[in-house]
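Undergrad: Sequence first, predicted coordinates after that:
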Amino acid sequence: MRLVALASAGAAAIAVHAAVNARLLRVPTALSTTTRVSVLLPVRDEAARVEPCLRALLAQQGVDLEVVVLDDGSTDGTADVVRRVVDGDPRVRLLAGRSLPEGWLGKPHACQQLADAAVPSSDVLVFVDADVVLTPFAVAATVALLEDSGLDLLSPYPRQEAPGATALVQPLLQWSWLSFLPLRLAERSARPSLAAANGQLLAVRRTAYLRAGGHAAVRDAVVEDVELLRSLKRTGGRGGVCDGTELATTCMYDGWHELVAGYTKSLWTLPPATVALLVALYVVPPVAALRGSRVGALGYAAGVAGRVVSARRTGSRPLPDALAHPASVAVLAVLAGRSRVARRRGRLVWKGRVL
């Protein structure tokens, strides 16, 4: 009973914290910037997804930019799709990626090559994933807020589309940092542990990026976006997330099997103690409520409230998804266990590469 009471109180406190964060979350709104920008797009077997992303990049307004695309060993004709969409646009360069060196993972290596290829006149590097579709002023608004805030790295979190069963787990991404990370404190704090970032859309000052060692400093990191911010913090930089709901949309996984593969790749980085805490906070109270505990019912309600706050702030569906929050956390715990087992057995694979 004591565990149920503590967990319920914790869930309520975290829901309040999420509401405070929702009010403090920065929102990029500018329509122009004078800063010179290089938009960097790594692609590997993205023939089915890259066209909407590229067309949105070519339609950007209010910013002087170049677009550098790196084809990282695609075998599905991705480069041909890029050439067709670009159609000779002088703002775009398509590069062929070099072979993967020992000790590097694929995405950090691709991003480092892109950063090295950016024109020297670009003051800000903007990394974008191929499954992201930007609104016309997204780059300008992101870079303007980066400059105005005085931060070195800014990561607008796109609206996450979650079709079908993926809606059970995918919204936990936004909910996690909105609930647990003190956003404004994390922006200014030098502590690497206080870091959240999303490589789907990430802007970084070039000087800070070089000072931190670029992606070479996180060459073996599966969650390279968060590790990049931590590397910046270790070298005096500051940064964090902001609201990208009106700037970009993305659908990371088209179905459940894709989601399981993606989460298996990376969830081993989630500490077991964190998984246990999430289960205690959001699974124990509703189980107790099913057994007649009023305190457990309050704890369940607090968890649902936190999910509703997150969903409304980040553009996902509040209901009925929030009502399934205990199931979402339980499934996340199972996926985390699966990921750890796969890592111990050397079976982590992503896009044809062993991790």
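TA: Perfect, I can see it now. Predicted, not measured: the structure shown is a model, and the values here were computed from it. Residues are numbered from 1 along each chain as shown.

Undergrad: Could you pull up the mean pLDDT of the helix or strand containing Ala7?
TA: Ala7 is located in helix 2-24, with elements delineated by DSSP states H and E. Mean per-residue pLDDT for helix 2-24: 94.

Undergrad: for that helix, packing partners?
TA: Using 3 or more CB pairs under 8 Å, 6 or more residues apart in numbering; DSSP states H and E as the contact test, the elements touching helix 2-24 are helix 172-180, helix 183-188, helix 272-282, helix 284-290, helix 294-314. (Glycine included, C-beta is placed from N, CA and C.)

Undergrad: right, and those helices - which one's nearest Ser149?
TA: Set against Ser149 and scored by CB to CB, the helices and strands packed on helix 2-24 come closest in helix 183-188, at 7.7 Å.

Undergrad: outside of the closest one, which residues touch it?
TA: Helix 183-188 is contacted from outside by 21, 24-25, 149, 151, 177, 194-196, 238-241, using CB atoms under 8 Å, 6 or more residues apart in numbering.

Undergrad: going on from it, what's the next piece of helix or strand?
TA: Downstream of helix 183-188, the first helix or strand assigned by DSSP H and E is strand 201-205.

Undergrad: List the neighbouring strands of that following strand plus their orientation.
TA: According to DSSP bridges, strand 201-205 forms sheet pairs with strand 124-128 (antiparallel), strand 153-160 (antiparallel).

Undergrad: Worst mean pLDDT among these?
TA: The lowest average pLDDT among these, as it happens, falls on strand 153-160, at a mean of 95.

Undergrad: What ranges does the stretch 51-200 of the chain have for its strands?
TA: Secondary structure of the stretch 51-200 of the chain (DSSP state E, counting those that start in this stretch): strands located at 64-71, 92-96, 124-128, 132-134, 153-160.

Undergrad: can you list the ones you listed in a markdown table and add distance to Ala140 and mean neighbour count?
TA: Shown next, in a markdown table, are the strands of the stretch 51-200 of the chain (distance: least, CB to CB, whole Å; neighbours: other CB atoms under 10 Å):
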| stretch | distance to Ala140 | mean neighbour count |
| --- | --- | --- |
| strand 64-71 | 9 | 22 |
| strand 92-96 | 18 | 16 |
| strand 124-128 | 10 | 27 |
| strand 132-134 | 10 | 25 |
| strand 153-160 | 12 | 26 |
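
Undergrad: Which among the ones you listed is found nearest to His109?
TA: Of all the strands of the stretch 51-200 of the chain, strand 64-71 comes closest under CB to CB, at 9.5 Å.
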